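Visitor: Structure of the sequence below:
(chains A, B and C)
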Amino acid sequence: MRILLVEDDAEVARFVRKGLQEAGHVVEHASNGRDGLFLAASEQFDVLVLDRMLPGGVDGVRLVETLRGQGNRTPVLFLSALSAVDERVKGLKAGGDDYLVKPFAFAELLARVEALGRRPSVEAPATRLKIADLEMDLLSRTVTRAGRRLEIQPREFRLLEHLMRHAGQVVTRTMLLEKVWDYHFDPQTNVIDVHVSRLRQKVDKGFDRPLIHTVRNAGYMIRAEA
Amino acid sequence: MLWYATAGSLDRQTDAALRTDAIGLAQRWRESGPDAVIEAIAERLATDVDAAAIYLFVGPDRQRLAGNLDRWPPDLPEGASWGVGSVVRDSLPIDARLHAVDFSDNYRVLVGRDVAEKGRLRELLAEGMAWSAAAAVFFALMGAAVLRRAVEGRLRPAAQTAQAIAAGDLSRRVPISRREDEFDRLGESMNAMLDRIDRLMEGIRGVSDSIAHDLRTPIARARAKLEEALAGRDDPAALRAAMEEAIADLDHITRVFGALLRIAEAEAGARRAAFAPLDLSPLLAELAEFYGAVAEASGQVLETDLPETLEVVGDRDLLAQAAGNLIDNALKFTPPGGRVRLQARPAGADGAEIVVTDTGPGLSPADRARAGERFFRADASRGTPGSGLGLSLVQAVAHLHGGELTLDDAAPDGTATGLRATIRLGGAHEAR
Amino acid sequence: MRLLQSLALACVAPVLGAGSEPMPRITTDSREYCIELAERLAKMPGPREEAVTRLVEDGVRLCDSGHPRLGVARLRRAMRAMLAGH
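Guide: Sure thing, here's the model as predicted:
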């Protein structure tokens, strides 16, 4: 993917840039809002990673508002040291697609960038999701594996659906918490792990090929190959 | 204003009397001619007890036919019908109001009134008014002075308190007199404001204390680990393990920091702007389902007792987090096989109660009193993970919603152990 | 004669406007009017109450002793009482 990083802190920028490049992405970097806006408006990117607070008169929110005003729909991930809920809401309202509070684990950033860059197209919503022999029917809300129907609770269905929509991508615990439960707080206990392991019991138990994988220090991933 | 009204009314009375008199004479003229007018004037003069009437009836060649004036007054020339003239009475000039009416055949009558008496009355009136105005001004000034002293006296405690606070003593409060007047209300508002400022200051102090004492420890630990790894071993695996531990420490610090900021946010009341009506029942049901998986995994039972709907006004995220913290705590302290119960019910006008009961060891009264403090951890909880900030956040959220957090025994009669934690939410209007 | 004239002039002078024609004078505060009123009362028919008679007597005496104004006031009250009586 082609990613534009607009970040004024040189150290953070270097770290993020290096990490994204190692993950196989092409990264352009701007260190202020003005340059960032120029690049974002004149070139094609898959994802924009913007610091919320930028020097040079154009901050992250202004930048996104300007882009959206021009009809540019490139997905935007905000990075911010401002953790207040209002700030997150403000960022999303301005046209941001996701919001990540500093300090963050790089794995979290990578997972979110990849999720944004490979979002399913809005034009043709899928009615069926399929990973190997695991099939999900979004209309009848049923899940089968190797033709056998799995007994799955509504919340487990949403959890599995999220994983399957991002098949092959790392999905972090925080992402699941936010996207599946819509909770924006720290649940203290590793509740997500318990839910995933319960889902795993239903999806993978009794089959020789596990589909739900734990990615160390990052999160979970559903994929066909072992 | 009053003077003009009264004096004007006197003048109008005089004029009305003159006009009536003249109309009466004109009628006599029309009915019976000059002789009747002469007789009417004589009669009127004869019965004029007030001795104020003036008449003069003149013929075509201006000779005097009747009346008590020896000549036509020059102040009322030919053609004029109203005027004020000077006439002589007992060799002294006096003012008279005069009204002339022309009859046919060039006869003319003058009707007048001696207004010296009215003039004196008018002077008396003016004098009286001047005195009463002076008295009014005097009493107004006196009253203002007295009132001012009284207001100053009543405001002095508030002013002194404000000065003391400006000088840095935030513990001072305005004494309330229990008279329940405006000054007491002012004092109460000032005190409420001071309490709020005090709470905010306390919050800031709490956060800085917490940062000083409790963030330094994990930072120091992470630093020590990294230093040790750098200095000592060359074994890459050990180095890696040390760095992973340091990252875990930093993550922990970040989490504590986030929790502290959330508490500060709730305590400052800044989140009240995000208050919205919401239904607690589905929110809590979802939470129970969310944590239910954890309970199940460790052989505990999480029961719920929720009404069909429970409408409150509040912050969805913070309420979910507060209730989640209580459930999380209860699950941590309840042994396998134990029960945790989540209940909610309406309380008060439009408030609500969220109750979490467990079958754990409970808390001693001394520990309960301290449970809301930041980083407080009862001895029994030393072995369990957690930041020690969970209940602080619950308390801050309860306060934000105009309520409180109370902790007591699940079974007050001592038949069973366990802790009961209650978040009481006030109505939206009670939120302070 | 000239002396008397000038004396009379001096008496009247304050009453005169500043050199213009003399001010009109009220004639009903005089002894002459007193007598006129008394005659008018005497000509009135009908019985006289004692209070009226006393008022008339008082009035005439006051006029005679040089208080025409007070006397006229008494006589006028008597006149009014007489008219009211009819």
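
Visitor: residues in chain C within reach of chain B, list them.
Guide: C:14-15, C:17, C:20-29, C:33, C:37, C:40, C:69, C:72-73, C:75-77, C:79-80, C:83 (Cβ under 8 Å from any Cβ of the partner chain). The way it works is simple: take the backbone N, C-alpha and C, and place the C-beta from them, glycine included.

Visitor: from the residues you listed, which would you call buried?
Guide: C:23-29, C:33, C:37, C:40, C:69, C:72-73, C:75-77, C:79-80 (16 or more other Cβ atoms under 10 Å in any protein chain shown).

Visitor: and the end-to-end length of stretch B:44-52?
Guide: Stretch B:44-52 has an end-to-end distance of 11 Å (Cα to Cα, to the nearest Å).

Visitor: What about residue 202, how many residues nearby?
Guide: Going with chain A. By other Cβ atoms under 10 Å in any protein chain shown, the residues close to A:Lys202 number 16.

Visitor: um, chain B though
Guide: The number of residues packed near B:Glu202 is 12, by other Cβ under 10 Å.

Visitor: which sections of the stretch 201-350 of chain B are below the confidence cut-off?
Guide: The stretch 201-350 of chain B contains residues with pLDDT under 70 at B:203, B:206-207, B:210-214, B:233, B:270-271, B:273.

Visitor: ok and the residue in it nearest chain A?
Guide: At 3.9 Å from chain A, B:Gln321 is the closest residue in the stretch 201-350 of chain B, using Cβ to the nearest Cβ.

Visitor: So that residue, which state does it fall into?
Guide: helix (DSSP: H, G, I helix; E, B strand; the rest coil).

Visitor: wait, doesn't it sit right on B:Ala396?
Guide: No. The criterion here is Cβ atoms under 8 Å, and B:Gln321 misses it with B:Ala396 at 10.4 Å.

Visitor: Run through the residues that contact the spatially most central residue of chain A.
Guide: Most central in chain A under Cα atoms, centre = their mean is A:Arg112, positioned 2.8 Å from the mean C-alpha point. When contacts are counted by Cβ atoms under 8 Å, 6 or more residues apart in numbering or on different chains, A:Arg112 touches A:Leu77, A:Asp98, A:Leu100, A:Thr172, A:Met175.

Visitor: What distance do you get for it to B:Gln163?
Guide: Taking Cβ to Cβ, to the nearest Å as the measure, A:Arg112 falls 55 Å from B:Gln163.

Visitor: swap in A:Ala132?
Guide: Taking Cβ to Cβ, one finds A:Ala132 at 78 Å from B:Gln163.

Visitor: higher neighbour count, these two?
Guide: The neighbour count for A:Ala132 versus B:Gln163, taken as other Cβ under 10 Å, is higher for A:Ala132 (15 against 11).

Visitor: how would you label the closest residue to the more buried one other than its chain neighbours: helix, strand or coil?
Guide: Leaving out its chain neighbours, the residue that sits closest to A:Ala132 by Cβ to Cβ, 6 or more residues apart in numbering or on different chains is A:Ala224, at 4.1 Å. What three-state DSSP gives for A:Ala224 is coil.

Visitor: dump the residue contacts of A:Ala224.
Guide: Per Cβ under 8 Å, 6+ apart, neighbours of A:Ala224: A:Ile131, A:Ala132, A:Ala167, A:Leu211.

Visitor: same for the longest helix seen in chain C, what does it pack against?
Guide: Looking across chain C with DSSP state H, the single longest helix is helix C:68-85. Using 3 or more Cβ pairs under 8 Å, 6 or more residues apart in numbering or on different chains; DSSP states H and E as the contact test, the elements touching helix C:68-85 are helix B:34-46, helix C:31-43, helix C:50-64.

Visitor: if I look at B:Ala248, how far off is B:Arg255?
Guide: 11 Å.

Visitor: correction: B:Ala16
Guide: Separation of B:Ala16 from B:Arg255 (Cβ to Cβ): 98 Å.

Visitor: More neighbours: which of the two?
Guide: B:Arg255 (14 against 10).

Visitor: The residue nearest to the centre of chain A looks like it's in a helix, true?
Guide: Yes. Looking at A:Arg112 with three-state DSSP, it is inside a helix.

Visitor: Verify the contact between A:Ala132 and A:Arg209 for me.
Guide: Yes. Here A:Ala132 lies in contact with A:Arg209, judged by Cβ under 8 Å, at a distance of 6.9 Å.

Visitor: ok, B:Phe183 - how many residues close by?
Guide: Residues contacting B:Phe183 under the criterion other Cβ under 10 Å number 18.

Visitor: host element of it?
Guide: Element membership of B:Phe183 [criterion: DSSP states H and E] is helix B:182-210.

Visitor: rewinding a little: look up how far chain B lies from the residue nearest to the centre of chain A.
Guide: Distance of A:Arg112 to chain B, given as Cβ to the nearest Cβ, to the nearest Å: 17 Å.

Visitor: now that residue: how far from A:Tyr99?
Guide: A:Arg112 is 9 Å from A:Tyr99, where distance means Cβ to Cβ.

Visitor: where do the contact lists of those two overlap?
Guide: Shared contacts of A:Arg112 and A:Tyr99 (Cβ under 8 Å, 6+ apart): A:Leu77.

Visitor: Assign whichever residue of chain C sits closest to chain B to one of the three secondary structure states.
Guide: Here the residue of chain C nearest chain B is C:Thr28; by Cβ to the nearest Cβ that distance is 3.8 Å. Following three-state DSSP, we place C:Thr28 in the coil state.

Visitor: any residue of stretch B:71-90 up close to chain C?
Guide: Yes. Stretch B:71-90 is in contact with chain C by Cβ under 8 Å from any Cβ, via B:Arg71, B:Trp72, B:Pro73, B:Pro74, B:Gly85, B:Ser86, B:Val87, B:Val88, B:Arg89, B:Asp90.

Visitor: contacting residues for the last one?
Guide: Contacts of B:Asp90 were listed using Cβ under 8 Å, 6+ apart, and they are C:Asp29, C:Arg69.
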